[in-house]
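**Q** Only the shape, not the letters, is given here:
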């Protein structure tokens, strides 16, 4: 779904969002509740400029609108793979973006992510996966690494990884697999305004990704291992 249709469906008008290149930002009133909207479109690669632009909106919201809910609109092909961005310190810029989301949560802002098109690699890890909860549209595309790339990194045969992906969502791309692993809380089907209303009403007060992954069978051991580490501390 394109961002214009999404904004019109969710908020009644696309005018609530400003498009600056691939950068989306704006504010909206939803059921009498103000929202800060920030994200990207056009499968944008997240480089230094886009990371800092999003962080600036988040910090402005923290400073000027205490407690306001933040909705991250996610459509990205991952981090920008350019020498210029590497030289400018893309790792620090993306870490800064992730830290501003964490700061917003610590300051009492509910931060929700919505993958409305594509979520890949570092552009997703430093946004939706740090939010209080991340939801998605059913047609969204989600992955961190394709199986051929995973094979090159792990030195395992592609055929073996393909076989593992049939039974283990950790090895497989796709929105349903991320729901199973707990990375995505739920899919928004049907009435999107009602889905947003429900997402705002039951935003978790603690990170449930590992717990959800265990309950759904997608990540069976993460929650128990984390608890054992905490108990031993």
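**A** Yep, that arrived. Bear in mind the structure is a predicted one, so any value in this text is a computation, not a measurement.

**Q** ok, residue 133 touching residue 105?
**A** No: counting by C-beta atoms under 8 Å, no contact exists between residue 133 and residue 105, whose distance comes to 10.8 Å. C-beta: built from backbone N, CA, C; applies to glycine.

**Q** So between the two, which is more surrounded?
**A** Neighbours were counted for residue 133 and for residue 105 using other C-beta atoms under 10 Å; residue 133 has more, 21 against 17.

**Q** The more buried one and residue 153, how far apart?
**A** Remark: distance between residue 133 and residue 153 (C-beta to C-beta, to the nearest Å) = 29 Å.

**Q** show me the contacts for the residue nearest the centre of the chain.
**A** The residue lying closest to the centre of the chain (C-alpha atoms, centre = their mean) is residue 128, at 1.6 Å. Residues in contact with residue 128 (C-beta atoms under 8 Å, 6 or more residues apart in numbering) are 72, 74, 113, 114, 115, 119, 134.

**Q** try 6 Å
**A** By C-beta atoms under 6 Å, 6 or more residues apart in numbering, the contact set of residue 128 is 74, 113, 134.

**Q** quick check, nearest of these to residue 34?
**A** residue 113 (18.2 Å; C-beta to C-beta).

**Q** Hmm, the closest one is touching residue 134, no?
**A** Yes: contact criterion C-beta atoms under 6 Å: residue 113 and residue 134 qualify, at 3.6 Å.

**Q** per-residue pLDDT, residue 206?
**A** Per-residue pLDDT puts residue 206 at 85.

**Q** burial of it, as a residue count?
**A** Counted with other C-beta under 10 Å, residue 206 comes out at 6.

**Q** Contact partners for residue 181?
**A** 169, 213, 218, 219.

**Q** What distance do you get for the first one to residue 62?
**A** Read that as residue 169. 34 Å.

**Q** just the buried members of the contacts of residue 128?
**A** 74, 113, 134 (16 or more other C-beta atoms under 10 Å).

**Q** what sits against residue 44?
**A** Counted by C-beta under 6 Å, 6+ apart, residue 44 has contacts 22, 76.

**Q** ok, which stretches of this structure are strands?
**A** 17-20, 23-30, 33-40, 44-46, 69-79, 111-120, 133-136, 141-143 (DSSP state E).

**Q** quick one, which of those is nearest to residue 187?
**A** strand 133-136 (5.8 Å).

**Q** Need the buried ones among the contacts of residue 128 in TSV (columns: pLDDT and distance to residue 43).
**A** Shown next, in TSV, are the buried ones among the contacts of residue 128 (pLDDT from 0 to 100; distance: C-beta to C-beta, whole Å):
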residue	pLDDT	distance to residue 43
74	97	11
113	97	16
134	96	18
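
**Q** can you put the residues you listed in a markdown table and add distance to residue 141?
**A** Below are these laid out as a markdown table (distance: C-beta to C-beta, whole Å):
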| residue | distance to residue 141 |
| --- | --- |
| 74 | 11 |
| 113 | 15 |
| 134 | 14 |
